[in-house]
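> Can you look at this prediction? I've put the sequence above it.
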Amino acid sequence: MPHPPSRPEQTSSPTLEAKVAFLGRPGAYPEAPARVEAVETHMSWVFLTDTHAYKLKKPVRYDYLDFSTVEARRLDCEQEVRLNRRLAADVYLGVIPLVLDAGGCLSVGGPGEAVDWLVQMRRLPAQRMLDHLIRNGTVKPAEISLLARRLARFYAAAAADAITPEAYRQHLAKRIKANLRELTSAEFGLDKDVPERLARFQLGFLETHTGLFDSRVRQGRIVEGHGDLRPEHVCLLPEPVVIDCLEFNREYRILDPADELGYLALECERLHAPEVGRWLLESYTEASGDVPPAALLHFYQSWRAVLRATLAIWHLRDDGRHPHKKWVETTMEYLELAQRHAAAAAS
């Protein structure tokens, strides 16, 4: 089916504020929901109806992505649907145009010019999301085993990336250095000592344990994964689904499953449920036969914690929408986790 024409980004196009206001109304949707809940994220607005979720990308541009045009957002929406169907085939329903008709009225689908694009998803039960289950203390080992087996099949089916051992280590070093630049920037006013010590450790570990990383590459373990495997993206249905992969930059999805699973275990630990992470890693090893060395897992968890610290401190740039104290405390919490796992990797 051909797409309706996308309008170039012009001052005469509806503003983001106008689009958000329209999509916040129940009458905007063909299913005529009783109410709509709007949730703002760093790069999107998500509109939750009784049965569906609709994601609208913000017209933002950063070093690592460019959503500044309608066409760029359409392409990213299509990429998001394609990639997320790998682990949530029945959740991602498709891409729908946000249309401006001849009378100047917006509609979801229908005739007219596409002034933006929406990812349409089936709404998942909030009470079955892993972060909710952890907070309620109701996660069962059998459910995590099902998740681990699902992820083991996903990684086993993925083609090994053509990256060389040296390029893989350089990729990790590049991201470690990028985290250091952000966390020691005068813009944020953080104490530089902890980020600098962590970066020295992580870069030193890459140099002194090249064999650990090189063997993972030579075993074909480096694949195109999910990229953002966190408890809030996992829904423990009878067949577990994982949503909201990192779709906008393939480089960030090229990874070691031990890195990605260690990341999910780290986030469970942060939610005071380290046992969930242990169940996950043990079940993955049993299902896959992959036994990543403990020191390597702790290294990955250390660098992921620093990455999460960086993402947390970036919230201070969001036009004052988020309380300064909250994000500084979150940053320090992740840096503490990073130090804990660095110590474990070194022991």
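Received it, and whenever you're ready, just let me know what you need.
> For stretch 202-215, buried residues please.
The neighbour-count criterion (16 or more other Cβ atoms under 10 Å) identifies 202-203, 205-206, 209, 212-213 as the buried residues of stretch 202-215. For glycine as for every other residue, the C-beta is placed from the backbone atoms N, C-alpha and C.
> Mind exporting the C-alpha coordinates of the longest helix along the chain to PDB?
Scanning the chain for the helix with the most residues, using DSSP state H, yields helix 324-346. In PDB, the C-alpha atoms belonging to helix 324-346 read as follows (Å, rounded to 0.1, in the frame of the first residue of the first chain):
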ATOM      1  CA  HIS A 324      17.600  18.100  39.400                       C
ATOM      2  CA  LYS A 325      18.100  16.200  42.700                       C
ATOM      3  CA  LYS A 326      16.400  13.000  41.400                       C
ATOM      4  CA  TRP A 327      18.600  12.600  38.400                       C
ATOM      5  CA  VAL A 328      21.800  13.400  40.300                       C
ATOM      6  CA  GLU A 329      20.900  10.800  42.900                       C
ATOM      7  CA  THR A 330      20.100   8.300  40.100                       C
ATOM      8  CA  THR A 331      23.500   9.000  38.500                       C
ATOM      9  CA  MET A 332      25.300   8.400  41.800                       C
ATOM     10  CA  GLU A 333      23.400   5.200  42.400                       C
ATOM     11  CA  TYR A 334      24.500   3.900  39.000                       C
ATOM     12  CA  LEU A 335      28.100   4.900  39.700                       C
ATOM     13  CA  GLU A 336      28.000   3.000  42.900                       C
ATOM     14  CA  LEU A 337      26.800  -0.100  41.100                       C
ATOM     15  CA  ALA A 338      29.500   0.400  38.500                       C
ATOM     16  CA  GLN A 339      32.200   0.500  41.300                       C
ATOM     17  CA  ARG A 340      30.700  -2.600  42.900                       C
ATOM     18  CA  HIS A 341      30.900  -4.600  39.600                       C
ATOM     19  CA  ALA A 342      34.400  -3.200  38.700                       C
ATOM     20  CA  ALA A 343      35.600  -4.500  42.100                       C
ATOM     21  CA  ALA A 344      34.100  -7.900  41.400                       C
ATOM     22  CA  ALA A 345      35.600  -8.000  37.900                       C
ATOM     23  CA  ALA A 346      39.100  -7.300  39.400                       C
END
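> list the contacts for the residue lying closest to Arg253 once chain neighbours are set aside?
Spatial nearest neighbour of Arg253, excluding adjacent residues (Cβ to Cβ, 6 or more residues apart in numbering): Gly227 at 4.0 Å. Counting by Cβ atoms under 8 Å, 6 or more residues apart in numbering, Gly227 touches 245-247, 252-253, 255, 260.
> give me that answer again for 10 Å
Neighbour list for Gly227: 83, 244-255, 260, 263 [criterion: Cβ atoms under 10 Å, 6 or more residues apart in numbering].
> Give me the buried subset of those residues.
Judged by 16+ other Cβ under 10 Å, buried ones among the contacts of Gly227: 83, 244-248, 252-255, 260, 263.
> Just put these in a markdown table and tack on secondary structure and distance to Glu336.
Converted to a markdown table, the buried ones among the contacts of Gly227 look like this (DSSP: H, G, I helix; E, B strand; the rest coil; distance: Cβ to Cβ, whole Å):
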| residue | secondary structure | distance to Glu336 |
| --- | --- | --- |
| Leu83 | helix | 32 |
| Asp244 | coil | 26 |
| Cys245 | coil | 28 |
| Leu246 | coil | 25 |
| Glu247 | coil | 30 |
| Phe248 | coil | 29 |
| Tyr252 | helix | 24 |
| Arg253 | helix | 27 |
| Ile254 | strand | 28 |
| Leu255 | strand | 24 |
| Glu260 | helix | 22 |
| Tyr263 | helix | 16 |
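> Phi, psi for Val39 please.
phi -120, psi 120 (degrees, to the nearest 10).
> How much space separates it from Leu56?
11 Å (Cβ to Cβ, to the nearest Å).
> what residues are shared contacts of those two?
Common contacts of Val39 and Leu56 (Cβ under 10 Å, 6+ apart): 45-47.
> Dump those to CSV, plus secondary structure.
CSV is the format used below for the shared contacts of Val39 and Leu56 (DSSP: H, G, I helix; E, B strand; the rest coil):
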residue, secondary structure
Trp45, strand
Val46, strand
Phe47, strand
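> just the residues you listed now: which is nearest Ala273?
Set against Ala273, the nearest of these by Cβ to Cβ is Val46 (25.3 Å).
> Could I get the contacting residues of that closest one?
Under the criterion of Cβ under 10 Å, 6+ apart, the neighbours of Val46 are 23, 37-40, 53-56, 118-119, 121, 244.
> Please work out which residues outside stretch 57-75 touch it.
Against stretch 57-75 from outside (Cβ under 10 Å, 6+ apart): 3, 5-10, 13, 15-16, 19-20, 40-45, 56, 76-77, 80, 95, 97-98, 113-119, 178, 246-249, 251-252, 314.
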